[in-house]
Every structure is written in C-alpha cells, then in structure tokens.
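Participant: dropping a prediction and its sequence here:
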Amino acid sequence: MTEDIIDLIKENVIQGRVTQDDEGLEEGMAGEPGVTELVGEAIEQGIGLSDIIKTGLTEGMETVGQKFEAEEYYIPDMLASAEAVGAAMEILEPHLAENGIEAKGKIIMATVKGDLHDIGKNIVSILLRGAGYAVKDLGNDVDTQTIVDAVIEERPQYLGLSALLTSTMMQMKDVIQALTDSGIRDQVKVIVGGAPVSEEFARSIGADGYGADGFDAVRAVESLASDKAKG
Amino acid sequence: MLIIGEKISASNRSVGEAVANRDRRFIEDLARTQAVGADFIDLNAGSGHGAEEHKDMEWLVEVVQEATDKPLTIDSDSPGVIEVALGKYRGDRVMINSVSAEPERLESIGRLAAERQALLVALAMGAEGIPNDVEVRLAACEQIMAHLTRLGLGEGQVLFDPLVLPISVDAGQGMVTLKTIEAIKSRYPEAMTVMGLSNISFGLPRRKLINRAFLLMAAYAGLDAVILDPLDAKMMTFVKVAEMLTGKDPSRRGYIRAHRKGMLVD
C-alpha cells in the first residue's frame, strides 16, 4: 500500500495534476485524486515524509526533466508538474520541522540590474523549490549592492543570477567582483543563466556554474553540492 | 503592414561573428536579401561583449546603407550608440528602436528622434518591468506620448509595441497583447503599433504555426507593423493574406501580385 500511494504521487507529478479536477497530460484522468489529495492521504497513513519527497516528488520531477530535455514535454507540461510539487511541499512543510527534515540548501535568486525579465528566473526558482531547496527570490532589476547585502545577511550556499539581455549580462560579472571585494566570494557558489549566456561566458566571468535551462540549473546546483560534499 | 527585417542582430551568433570580423559580404548579403520583402532593415550591434557597440553600429550603418536604399531601424538601448548611428546614416527616413516610459532614456532618445524627425518604437512598459495587464500597459503609453509630444514628435511618428509574453507561461498573455493593441489604437488613432511575433510561442512545439496565427489575430486587433524574418516565405504569405482580409489591400491586387510573383506559399 505504501509503495502504491508513493507511485501514484510520482505518476501524478509526471502528469502535472495538482488536484482531482485537473485533466493532466493524458486525457480522462479528471476525477482521480491529484498530488495534493494523495499527499494528504499519505500523511494520514503515516508514510515517511522523506519517502514522499524523495521517491514521490523528486523522482517524478526528475522524469519530467528528462522528458523536457527529450522535447517530449513543453513548458506548460513542466509548469504543471512544478506546480503540483510546489502544492505538495506547502502541505508537507509544517510537518517537516517537527520531523527534523531540513532543506537541502539555501539559494538566493535575482535578475540583475537593468534587466526586467523574470520568466526564466521564476521557472528556475520553482524547479529548485521542487528539488528541495529553500529559495529566496530578490526579483528583477536588482542592483549589485542589494544582492551582496542579501548574501551577507542570508548566508546562502548558492546565488543564482539571470540576465536576458546582451546589454545586462556583464552585470553578472560586476556582482561576482563585488562579492570578491566584500570578501565573501568563497562563501557562496554562483550559478548564472539566461538566453545570451553560455558556459564559456560563465567561466570567463568567474561563475561556479551555468544552467542552460531550468532543469540544467538544478543539475548545476546539485553537482556543486556533491563537489562540496566531497570537500 | 510595415515590415521590419530582423536578421541583422549581433545577438545572433553568426551575425555577431560577422560583425566582429568585419565580414562585409555576409552583412551586405543579409541586407540585400531582406530588402526584397522589408520596408525597414533593423540593425542591432549589441553582442554583450564589452564597449564595442558604438564602433560596431557605425560599421553596420556604413555597410548596410551601401548595400540597400531601404531605410534603417537603429536598434539599441544606448542613446550614445543611436546618436553615432544617426550621424553616420544619410537616409531621410529612419526609425529608432526603442524607448519605454523610463524617463531618462525617453528624454535623451526622444530628443534624438525629434531632431531627426525619426519614427520611434516605444515599449508599453515603465521602469518597473512588463505589466501583466492592459490598463498598466496603456498607462505607460500615455506617459510616453505625453513626453514625446512635449519634445515635438507627432503622434504618427510613434510606433507602440504592446509587448508579447510567452503563452506557454501564462495562458492569458495572447489576449493581453491583442487587447493592448486595441486599446492603443483607440486612444491614439494616429500612432502605429508594432511587435515581434516569436516571443508568443516560446516553450511550445511548432512555433512558426503559432507565430503565423498570432499575426492574423494581431492584424485584426489593429497591428500596423511587424518585426520578422522577411525571408520566411510562409510568414510573408500570411502578411499578404492579413492585409487583404483586414481591408488594407483595397484592390486585393497586392495579394494577386504576390501570387503572380510566386511569393505565396500554402
């Protein structure tokens, strides 16, 4: 039974069904319980929270990532799944602290100064939350000092920077320089992304990681996390 | 429908390389091939790699005005770059792309447009980012028009971009753009509307299909100009169809002429 309900959660994350009213990726699923109903039931049955998160939500989202990469899934599919995971995490959150389960790490996200584009940054934030990270989103058009102050105050392990314009991508270099000048560069790993940004560009400005799209950004963070674990 | 050819943009990798290597033939070729279907040729020298935009833009203007008589659209965020380009350009008719309601650049670029009597593309947004609803976008247009008429621009010199956000992220965005076009046209009948089409289809399969359908809907809402690839024969076919179906090809012979020239693709 335990396995059944966790499989169902995973399946419904893949289908992108938040509640029983959602149609999902395939037709004819409306009426069946969605992720929120299933998670509620799983908690009631006393199933381990880390099993729900790891095997149900995270593995489901990993499958979504693979399908997105294979161009089998498109942005609306991905957003529906991310929304389902987000809704599940909201239900689970009050139970996490009392069970001693912590977020995988803290990430500050920002679109840099002069750039008003926030769609990509928002997608990355949603996916990182879905992957179990605590995300603080500073918004768009955020000036360098505000980002540096937030890193000093919040002490995140990661900083995600986004720029969609060729005229603003150099701001990301300024932020990294400002972190160095403030003596906190080695306290935080910086991951950059955005349409004009390339892996080569990321390296040239001294970033620690690069995300080509939302799922790639999550992968970049995870790989920095495992580097850190290896020390 | 006024066609602005979008292909000479340094943010496109191959164009960026051609600009960096001063590959004159590559750029001339893009200018000439676009000139067949376009009314304006857009020039964007912003590649994101440092302070070369002035020099790159100056070179682009020089090369393209030798290759074609079609008027140019000077596409940059920087008033300095626009000023250099206008200084270099010998044509009478010219367009600047773009300003928003952000006051500082609106003032400096608006002045350049007034001096040169240029057409000016204005984005329906302020300094706080792209508004999600029609009312706030129209309010930005009103702020822009008030400022530009003070500087001596006529309503007819302004092309408002209603802004297009991906429908994949928000199902309501197609209608927000279309309603914004309608609102602008009813508030400023003399002003034109302009937009790029490809943002609407970001993140979805068969993007060109969506772009073409959106062009037809936007034409019905009152779109006057469009930024696109004039070498895309199917899209250009839809432009001709849209012009005829919205009564902007009164003798219907623009459509027939395009057919005789073998330009229509179904």
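Facilitator: Ah, there it is.

Participant: make it CA atoms for all contacts and neighbour counts henceforth
Facilitator: Fine.

Participant: tally of neighbours for the residue in chain A positioned nearest to chain B?
Facilitator: Among the residues of chain A, residue A:166 lies closest to chain B, at 3.9 Å counting by CA to the nearest CA. Residue A:166 has 20 neighbours, counted by other CA atoms under 10 Å in any protein chain shown.

Participant: do I have it right that it meets residue B:44?
Facilitator: No. At 10.8 Å, residue A:166 does not count as touching residue B:44 under the criterion of CA atoms under 8 Å.

Participant: need the residues touching each of the two.
Facilitator: Shared between the contact lists of residue A:166 and residue B:44 (criterion: CA atoms under 8 Å, 6 or more residues apart in numbering or on different chains) are residues residue B:11.

Participant: ok but residue B:121 is inside a helix, no?
Facilitator: No. The assignment for residue B:121 is strand, going by DSSP: H, G, I helix; E, B strand; the rest coil, so no helix is present there.

Participant: sec struct for residue A:24, please.
Facilitator: When the structure is split into helix, strand and coil by three-state DSSP, residue A:24 lands in coil.

Participant: quick one on the thing from earlier: and the residue of chain A closest to chain B, that's in a helix?
Facilitator: No. Counting by three-state DSSP, one finds residue A:166 to be coil, located in no helix.

Participant: ok, it to residue B:82 distance?
Facilitator: Distance check for residue A:166 against residue B:82: by CA to CA, to the nearest Å, it reads 16 Å.

Participant: per-domain residue ranges of chain B.
Facilitator: Annotated domains of chain B cover B:1-77, B:93-231, B:239-266 [automatic domain parsing].

Participant: what residues of the shortest one count as buried?
Facilitator: Using 16 or more other CA atoms under 10 Å in any protein chain shown as the burial criterion, the residues of domain B:239-266 that qualify are B:239, B:240, B:241, B:242, B:243, B:244, B:248, B:249, B:254, B:255, B:263, B:264.

Participant: among those, which lie within helices?
Facilitator: Among those, the subset assigned to helices under DSSP state H consists of B:239, B:240, B:241, B:242, B:243, B:244, B:254, B:255.

Participant: which one in the residues you listed is the model shakiest on?
Facilitator: Scanning these for pLDDT, the low point is residue B:254. It has 92.

Participant: list the contacts of the residue lying closest to that residue once chain neighbours are set aside.
Facilitator: In this structure, residue B:254 finds its nearest non-sequential neighbour in residue B:240, 7.2 Å apart by CA to CA, 6 or more residues apart in numbering or on different chains. Remark: with contacts taken as CA under 8 Å, 6+ apart, residue B:240 is in contact with B:254, B:255, B:258.

Participant: helices of chain A, start to end?
Facilitator: Counting by DSSP H, the helices of chain A are A:2-15, A:35-44, A:49-51, A:59-69, A:75-98, A:119-130, A:144-154, A:170-181, A:199-204, A:214-230.

Participant: whoops, chain B was the one
Facilitator: Read by DSSP H, chain B holds these helices, from start to end of the chain: B:13-20, B:24-35, B:53-67, B:79-88, B:103-116, B:134-150, B:173-187, B:207-221, B:233-245, B:253-260.

Participant: could those helices go into JSON lines alongside distance to residue A:99?
Facilitator: Compiled in JSON lines, those are given as follows (distance: least, CA to CA, whole Å):
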{"stretch": "helix B:13-20", "distance to residue A:99": "51"}
{"stretch": "helix B:24-35", "distance to residue A:99": "63"}
{"stretch": "helix B:53-67", "distance to residue A:99": "56"}
{"stretch": "helix B:79-88", "distance to residue A:99": "58"}
{"stretch": "helix B:103-116", "distance to residue A:99": "53"}
{"stretch": "helix B:134-150", "distance to residue A:99": "46"}
{"stretch": "helix B:173-187", "distance to residue A:99": "42"}
{"stretch": "helix B:207-221", "distance to residue A:99": "47"}
{"stretch": "helix B:233-245", "distance to residue A:99": "58"}
{"stretch": "helix B:253-260", "distance to residue A:99": "70"}
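
Participant: what would the contacts of residue B:240 look like in CSV with distance to residue B:199?
Facilitator: Written out in CSV, the entries for those read as follows (distance: CA to CA, whole Å):
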residue, distance to residue B:199
B:254, 28
B:255, 27
B:258, 27
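
Participant: domain ranges for chain A, per the record?
Facilitator: For chain A, whose domains are defined here by automatic domain parsing, the residue ranges read A:2-98, A:106-230.

Participant: the shortest one near chain B anywhere?
Facilitator: Looking back up the chat, that one is domain A:2-98. Yes. Among the residues of domain A:2-98, A:74, A:75, A:76, A:79 lie within reach of chain B under CA under 8 Å from any CA of the partner chain.

Participant: quick one, phi psi at the nearest residue to the third one once chain neighbours are set aside?
Facilitator: Looking back up the chat, that one is residue A:76. Nearest-residue entry for residue A:76: residue B:168, 5.3 Å, with adjacent residues in sequence omitted and distances by CA to CA, 6+ apart. As for residue B:168, its main-chain torsions (degrees, to the nearest 10) stand at phi -70, psi -20.

Participant: can you pull the contacts of residue B:168?
Facilitator: Under the criterion of CA under 8 Å, 6+ apart, the contact partners of residue B:168 comprise A:75, A:76, B:200, B:201, B:202, B:203, B:204.

Participant: could these go into TSV alongside pLDDT, distance to residue B:19 and neighbour count?
Facilitator: Listed next are the contacts of residue B:168 as TSV, based on pLDDT from 0 to 100; distance: CA to CA, whole Å; neighbours: other CA atoms under 10 Å in any protein chain shown:
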residue	pLDDT	distance to residue B:19	neighbour count
A:75	91	33	19
A:76	92	37	18
B:200	95	29	22
B:201	96	29	22
B:202	92	27	18
B:203	91	29	19
B:204	95	31	19
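
Participant: make JSON lines out of these and add distance to residue A:139.
Facilitator: Written out in JSON lines, the entries for the contacts of residue B:168 read as follows (distance: CA to CA, whole Å):
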{"residue": "A:75", "distance to residue A:139": "21"}
{"residue": "A:76", "distance to residue A:139": "22"}
{"residue": "B:200", "distance to residue A:139": "22"}
{"residue": "B:201", "distance to residue A:139": "24"}
{"residue": "B:202", "distance to residue A:139": "21"}
{"residue": "B:203", "distance to residue A:139": "22"}
{"residue": "B:204", "distance to residue A:139": "25"}
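
Participant: closest one to residue B:189 out of those residues, please.
Facilitator: residue B:200 (25.1 Å; CA to CA).
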